[in-house]
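*Asks:* Test case, fold it:
(2 chains)
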Amino acid sequence: MASIEAPARPRSSSAVKRAFERYPFLPALIILVVLIALNGWFQPRSLSLAGMTGLIKTYLALMLLAVAQTYVIYAGDIDLSAGAIVSLVNVVIVGVMAQWGGDGATIVAALAIGLATGLACGIVNGIVVAALRLQAIVATFATSIFFTGLALYIQPVAGTPAPTAFWRTYGGRILEIPFVFYVAVLFAILLVVLVRTRLSLRLLAVGDGQQEAYQSGLPVTAIRMGGYALCGVFAALAAFCITGDTASGDPLVGGKMTLFSIAAVVLGGSALAGGYGTVVGSVIGALIIGFINSLVFFVGTPSEWQNLVQGVAILLALMAGVLVGRRARA
Amino acid sequence: MSRLQLRGVGKSYGATKALRHADLDIEAGEVHVLMGSNGSGKSTLSKIVAGSVRPDTGEILLDGKPVSITGPQAARAVGIAIFYQELSLAAHRTVAENICLADLPSRSVFVDRTALEARAAKYIALFDGVTGDDFSPDAVVQDLRADQRQLVEIMKALAGEASVLIFDEATSALDRAQVERFFEILRDLKGQGRSIIFISHRMDEIFAIGDRATVIRDGEIVGSRRIAETTPAEIISMMVGAQEETAVAADAAPARPAGPPVLSVRGLSGPGFSDIGFEVRAGEILGFGGLHGQGQSAVLRALFGANPPTAGSVELGGKPLHPKNPRGTIRQGVAYVSGDRSRDGVVTGRPILENVMPIHYLRERMILASPSALAAKALPALQALRTKFAGLGHPISSLSGGNQQKVVIARWLIDRPAVLLLDDPTKGIDLSAKADLFSLIRRLAGEGMGIVLYASEDAELLDNADRILVFNGGAIRRELTGAARTRFNLYQAAYEAA
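*Replies:* Down below sits the predicted model:
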């Protein structure tokens, strides 16, 4: 919880400082620009339309999941089950599509069921964390095991294919423009709309101090549950993208993504303690992770070293973000 | 008929009765002042009315009808708004957002920014000209000064457009011009027939704005007076009650010969206090008195180096002391015991022995140690305090609060410090442990240690301190020595105009 009693920082008149305070994701944006330039330097083709399409296609899921995580972190909570929700929704929609045949109407119905699944998972998290007041970090770790277990029950092994119509659409083009760009634009509009909601502002207020928010007359439990519910819905959207990208069901596909989503939120300049942050920053954070991974590949890192180099690069990006932000605000 | 009536409202925390069977009537169009010393129950009463504390007994009536106040939201719904002494602001949100937070103007699920700014502007305009520089609707609250934050909390309470408004020490950080503007607003609200409960520790303010005053002592309502028909002396007498004779239990004149000064402080300033100067002599217990949060703890923490001071000089035993961090001051012979054991004292989950030793490690610059040698040092220190424990290897959490605090104090006794800073050391400790602590403190003083004691319970100060410095608004307002150390003088000095 951020303390109100902390001594007020010296105020600045400079435009730079004000910009960095108003847009906490600016350091991340600078890092992203540098990474894009480096990618272009080592592999000019990575900046072509095809290269960008491939990158967005792969990392749209992480961007959505980072946004999902952001709403929970706004309120000072955390969701370690976000990746498990992705897995569960993935096997649910692939399962439904396989059961009912892969035509357009079925796909729409399956996606609706997927969204409902994500929402339900989010509400379960909200109940255990906000209503039952269990520690968010442990409670959502437990629900992550539960959701993973459910996914493994539905589909014990990976490999059930998604209908061709589904992944062809995701990877295809409409009016000569790749489908994922439409998704990205819709995603951007959705974020702009959500920023203006009462829930966003109230989540941030709760993150600044639950006791203060409660004493101000805010329904703290309902607000935190709202954050988890929104997280579940965005995790379901992330699952749609990953299903489109991998074209199959995999009960463990999202597990690794949880901590990446948290890393993306932090890279984007949001405070893990809550009360401070932006969803734009989290999207940028996810892109930073994406560009680091592709850069590591393009510079020709031997495969056995790739993980190590990725880890070091993410650490460096995190440090650079902190340093740039501190320097600019000081 | 009264606007607000409390009938037999009571609240206990464990064995402590914070409020017993309170009956109180607040009329429409009056400013009703609540008076009482530290921990008398003013804030508990306020929070019960505002819904953030649930009473154990009693009922609350609004305009003659019983209301069920189940929480802050319910209180706002029936027209009760509160200024919290500790503030209830969201640090990273803007001024305008904070003012409207409880009841965000919205269109379906969206925040109506235009309406939000218009509403906030209305309340900000009330303080036009006294808010100071850099105050704007879109300023972030954490960047504001303490007085500006208090103004935001006032605006937030006003924005509730409530019929009952509670201001719990709303003026403590405000300057003269801000207070005067605030009082104009209060008079205006009064004119509109609203009821105001007003808590302040400045006697002049109470007589300037109050219509009636009710005095609370030890959770009990002592009586009410019309302000126009009473005097500050009468109010203070009511607050003191019949406890006067217990006041000077310590020897009236210091029987101990005053030793050489061990700690001299000159012009010490920092966050929460300014220009503090005093001397502690060997063998003396110097008391810090006054209401909560007037800078007493801040000065002690500054001297210990936990929150380093920004200006001033400190001498310890004639040598300059630069309190930059606790490591340095500990090595020079400063000891600090906080009442907030869990934050500042106890190493939770570790054995008692490990909880006694850390200061010894630090002062002796130890790297390796044998448990048996340490135990030989720990036992006498623990026994000096009559600590009850089953074994040195048992976890500290197995002890009661009082015994935990004894362990924390014992760690300072292995290597004698020159000066012992006690920051409300008996918070949440039972009576017999308190008695043990104070007898030890007096013995240490008798052996020539210099002791500074801040106690939020006035009786502890009056019984144990040789001299009392009364703090108000981050400065020392009065010094009480000898026979002047009475409860009456202590309250009067604490409530004096800053």
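*Asks:* and the residue in chain A that chain B sits nearest to, how many neighbours does it have?
*Replies:* Among residues of chain A, the one nearest chain B by Cβ to the nearest Cβ turns out to be A:Asp208. It sits 3.7 Å away. The way it works is simple: take the backbone N, C-alpha and C, and place the C-beta from them, glycine included. Counted with other Cβ atoms under 10 Å in any protein chain shown, the neighbours of A:Asp208 add up to 30.
*Asks:* hang on, isn't it packed against B:Thr94?
*Replies:* No. Counting by Cβ atoms under 8 Å, A:Asp208 sits too far from B:Thr94 to count as a contact (11.8 Å).
*Asks:* Stretch A:61-73 close to chain B?
*Replies:* No. Contact of stretch A:61-73 with chain B is not found when judged by Cβ under 8 Å from any Cβ of the partner chain; the minimum separation is 13.0 Å.
*Asks:* and the closest residue to B:Val53 other than its chain neighbours, helix, strand or coil?
*Replies:* The spatially closest residue to B:Val53, leaving aside those adjacent along the chain, is B:Lys47, at 4.0 Å (Cβ to Cβ, 6 or more residues apart in numbering or on different chains). The three-state label given to B:Lys47 by DSSP: H, G, I helix; E, B strand; the rest coil is helix.
*Asks:* I figured B:Lys47 was touching B:Gly41, is that so?
*Replies:* No. Contact criterion Cβ under 8 Å: B:Lys47 and B:Gly41 do not qualify, at 10.3 Å.
*Asks:* anything in contact with each of the two?
*Replies:* Taking Cβ atoms under 8 Å, 6 or more residues apart in numbering or on different chains as the contact criterion, no residue touches both B:Lys47 and B:Gly41.
*Asks:* Chain neighbours aside, what residue packs nearest to the residue of the stretch 51-200 of chain B found nearest chain A?
*Replies:* When you check the stretch 51-200 of chain B against chain A by Cβ to the nearest Cβ, the closest residue turns out to be B:Ala90, at 3.7 Å. In space, B:Ala90 comes closest to A:Asp208 once its chain neighbours are excluded; the distance is 3.7 Å by Cβ to Cβ, 6+ apart.
*Asks:* which residues touch the residue of chain A closest to chain B?
*Replies:* A:Asp208 touches A:1-2, A:274-276, B:89-93, counting by Cβ under 8 Å, 6+ apart.
*Asks:* separation between it and B:Ser88?
*Replies:* Shown here: A:Asp208 relative to B:Ser88, a distance of 10 Å by Cβ to Cβ, to the nearest Å.
*Asks:* out of everything not next to it in sequence, what's closest to B:Ile227?
*Replies:* Closest to B:Ile227 by Cβ to Cβ, 6+ apart is B:Gly210, at 4.4 Å.
*Asks:* Also B:Phe135?
*Replies:* Taking Cβ to Cβ, 6+ apart as the measure, B:Phe135 lies nearest to B:Gln148, with 5.5 Å between them; neighbours along the chain are not counted.
*Asks:* That neighbour reaches B:Gly132, doesn't it?
*Replies:* Yes. In this structure, B:Gln148 sits in contact with B:Gly132. The criterion is Cβ under 8 Å, and the distance is 6.1 Å.
*Asks:* okay, those two: which has more neighbours?
*Replies:* Between B:Gln148 and B:Gly132, counted using other Cβ under 10 Å, B:Gln148 has the larger neighbour count: 23 against 15.
*Asks:* buried set for stretch B:44-54?
*Replies:* When burial is assessed from 16 or more other Cβ atoms under 10 Å in any protein chain shown, stretch B:44-54 yields the following buried residues: B:44-53.
*Asks:* tell me which of those residues is nearest to A:Leu315?
*Replies:* Each of the buried residues of stretch B:44-54 was scored against A:Leu315 by Cβ to Cβ, and B:Ser52 proved nearest at 42.9 Å.
*Asks:* ok, that closest one - contacts?
*Replies:* A:214-215, B:71-72, B:75, B:82, B:84.
*Asks:* what do you get for A:Asp245?
*Replies:* Going by Cβ under 8 Å, 6+ apart, the list of residues near A:Asp245 reads A:57-58, A:60-61, A:167, A:170-171.
*Asks:* 6 Å instead, please
*Replies:* With contacts taken as Cβ atoms under 6 Å, 6 or more residues apart in numbering or on different chains, A:Asp245 has the following neighbours: A:Lys57.
*Asks:* Now it: which helix or strand?
*Replies:* Assigned by DSSP states H and E, A:Asp245 belongs to helix A:220-246.
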